[in-house]
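Student: next comes the sequence, and after it the predicted model I'd like to discuss.
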Amino acid sequence: MVQGWPGGRPWRGPAVPNSGVWGSALVGIGLLVAGCGGSDGAAEGAAQIPEEAPSPDTTFDEVMPAVESPPEGFDMAEFQGVRVDVPEGWEIDDGDDAMCVRPPGQEECRFGAFLVFPSASERQDESWPAEHFDEDDGWAPNPERCRSFATASDVDGDVGIGESDLVVQDFGEHPAEDRDDGVRRSHFRQWDVTCENEDTFAVRLWYLPQSDVAAYVWSVDEQYSETYTQIAESMNIDDYLD
């Protein structure tokens, strides 16, 4: 079940109240943005970004044909025009504003969950992620609560944050059937966060500024590290843009 929004807003999905960690899942992130703004290009001084890299949401030189069907072991899921490939055995919760994909054994949309947010900037009361995804504390609109495995299930938890570091600034690639080269690019970010109790966790974000679509891992479960990338790289927003 889904429990909440990243920045304190309740998860408006199937019968699940929401508070705490994303508020519950989304609460901790306070996710959708109040305004996009900014450039679609790479941030100045961003680490791990090629000097000649094209801007996100723009084309790539090499042709990458769109994937017409999910690979073996995955099923296609769609939410408000955004399509992703979801591993078999993972659960899907659709809310009013986002889709939550939960790994096996996770009953709430918190630790280990992968979220898709269309029209992100239209649904947030904060300027996240558009104005903050290049900041050390830009992993959530209200980056104040610990999301480690031990604390994530406590919606009323009061374990705060010691420090957070933006450790990856890169681009993600996604299929784009409406483009000659078949590629759409996003800003990819990862933060490593240390809690006041010395617990640690990581947060990942793929953000398309022009399209205002975000994909987000609320708190990374390392055993699914590559799976998150597979889901994100499958994200197709062609129908969302129509």
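Tutor: Yep, it's here.

Student: what is the three-state secondary structure of residue 129?
Tutor: Recorded secondary structure, residue 129: coil (DSSP: H, G, I helix; E, B strand; the rest coil).

Student: quick check: mean pLDDT of stretch 79-94?
Tutor: Stretch 79-94 carries an average pLDDT of 96.

Student: next, the buried residues of it.
Tutor: Within stretch 79-94, the residues that count as buried by 16 or more other C-beta atoms under 10 Å are 79, 80, 82, 83, 84, 85, 86, 87, 90, 91, 93, 94. C-beta: built from backbone N, CA, C; applies to glycine.

Student: next up, phi/psi of the second one, please.
Tutor: What it means is residue 80. The phi/psi pair for residue 80 (degrees, to the nearest 10) reads phi 50, psi 40.

Student: excluding its backbone neighbours, what's nearest it?
Tutor: residue 118 (4.5 Å; C-beta to C-beta, 6 or more residues apart in numbering).

Student: residue 231 is in what secondary structure piece?
Tutor: Per DSSP states H and E: residue 231 is located in helix 225-234.

Student: what's the most distant pair in the buried residues of stretch 79-94?
Tutor: Across the buried residues of stretch 79-94, the longest distance by C-beta to C-beta is 20.9 Å; it joins 80 and 87.

Student: mind jotting down where the strands sit in this structure?
Tutor: Residue ranges of the strands in the chain, as given by DSSP state E, are 74-79, 82-87, 91-94, 99-102, 114-117, 161-175, 183-195, 200-208, 213-217.

Student: understood, closing this out.
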